[in-house]
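J.: what's the 3D shape of this:
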Amino acid sequence: MIKAQLAAIRSSLPATTVLIAVSKTHPIERIMEAYEAGQRDFGENKVQELVEKYEALPKDIRWHMIGHLQSNKVKYIAPFAHLIHGVDSFNLLKEINKQGQKNGRQISCLLQFHIAQEDTKFGLSLEEAEAFLAGPEFYLLSHVRICGVMGMATFTENTTQIRQEFQNLHAIYQQLQSSYFSSNSEFKEISMGMSDDYPIAMEEGSTLIRVGSKIFGKR
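T.: The predicted model follows:
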């Protein structure tokens, strides 16, 4: 089933969009099914589970931290995380930089923006992001690499609202790209779209979709 589901989703993706298989709460055996079907990008939202799976699974997997990340847990994933999607404060970014320096690597990150009409979701406002991107302290962070933006739409069946929220994130991406990253070719990612709304996200410019239940089934 997993192999067939992966094939079905991949067949609908443009070449510019990467599929991240959201493997949170799923056991090693099911992740290996996806791996053996050629999947290499996996997403987890809890640090402890991510570390345990990293240690148990093949080392060519690209692990994406897609959940809310607390500063005191960055050190556990700093040695290996491929991409941290949820950077929602400058303090967190500074801690990631600190741990990147300790591990002798530059850690790739996305800035997470609050685009949903739900208070339970985390994320920056454009004003908050611009406040630190325009400041001198940001340019001293040599062990982080800002690769783009991330956001989650409201959990709703209103597709017009979802589309507007994705359009909002795309507009934020364009604003940041032109104002702060115009000479940075690595600033190119828009992480938006999950199992229920990724077709809309792709239409609105997503380069990274995070799909769980459509691959692994309901938890």
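J.: the strands in the chain, which residues?
T.: Here the chain has its strands, by DSSP state E, at 18-22, 41-44, 62-65, 83-87, 107-113, 144-151, 189-191, 208-211.
J.: for Leu126, which of those strands is the nearest?
T.: Nearest to Leu126, of all the strands of the chain, is strand 107-113, at 7.1 Å by C-beta to C-beta. (Each C-beta comes from the backbone N, C-alpha and C, glycine too.)
J.: just checking, what packs against that closest one?
T.: strand 83-87, helix 90-102, helix 126-133, strand 144-151, helix 159-179 (3 or more C-beta pairs under 8 Å, 6 or more residues apart in numbering; DSSP states H and E).
J.: which elements pack onto the last one?
T.: Judged by 3+ C-beta pairs under 8 Å, 6+ apart, the packing partners of helix 159-179 are strand 107-113, helix 126-133, strand 144-151, strand 189-191, helix 198-203.
J.: quick one: contacts for the residue in the chain sticking out farthest from the centre?
T.: Each residue of the chain has a distance to the centre, and by C-alpha atoms, centre = their mean the biggest one is for Pro136: 25.8 Å. Shown in contact with Pro136 (C-beta atoms under 8 Å, 6 or more residues apart in numbering): no residues.
J.: could you verify my assumption that Val90 touches Phe132?
T.: Heads up, residue 90 is Phe, not Val. Yes. Phe90 lies in contact with Phe132 (C-beta atoms under 8 Å); the separation is 4.2 Å.
J.: overlap in contacts of the two?
T.: Phe138.
J.: excluding sequence neighbours, find me the nearest residue to Glu95.
T.: Ser71 (4.3 Å; C-beta to C-beta, 6 or more residues apart in numbering).
J.: wouldn't that neighbour be in contact with Leu92 here?
T.: Yes. Using C-beta under 8 Å, Ser71 is in contact with Leu92, at 5.5 Å.
J.: more crowded one of those two?
T.: Neighbour count, other C-beta atoms under 10 Å: between Ser71 and Leu92, Leu92 has more, with 19 against 15.
J.: nearest residue to the middle of this structure?
T.: Nearest to the centroid of the C-alpha atoms of the chain, with distances taken as C-alpha atoms, centre = their mean, sits His85, at 3.2 Å.
J.: so that one sits against Ser108, correct?
T.: No. At 9.8 Å, His85 and Ser108 do not qualify as touching, with contact defined as C-beta under 8 Å.
J.: quick revisit: can you list the helices and strands packed on strand 107-113 in JSON lines and add distance to Thr17?
T.: Below are the helices and strands packed on strand 107-113 laid out as JSON lines (distance: least, C-beta to C-beta, whole Å):
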{"stretch": "strand 83-87", "distance to Thr17": "15"}
{"stretch": "helix 90-102", "distance to Thr17": "25"}
{"stretch": "helix 126-133", "distance to Thr17": "24"}
{"stretch": "strand 144-151", "distance to Thr17": "13"}
{"stretch": "helix 159-179", "distance to Thr17": "13"}
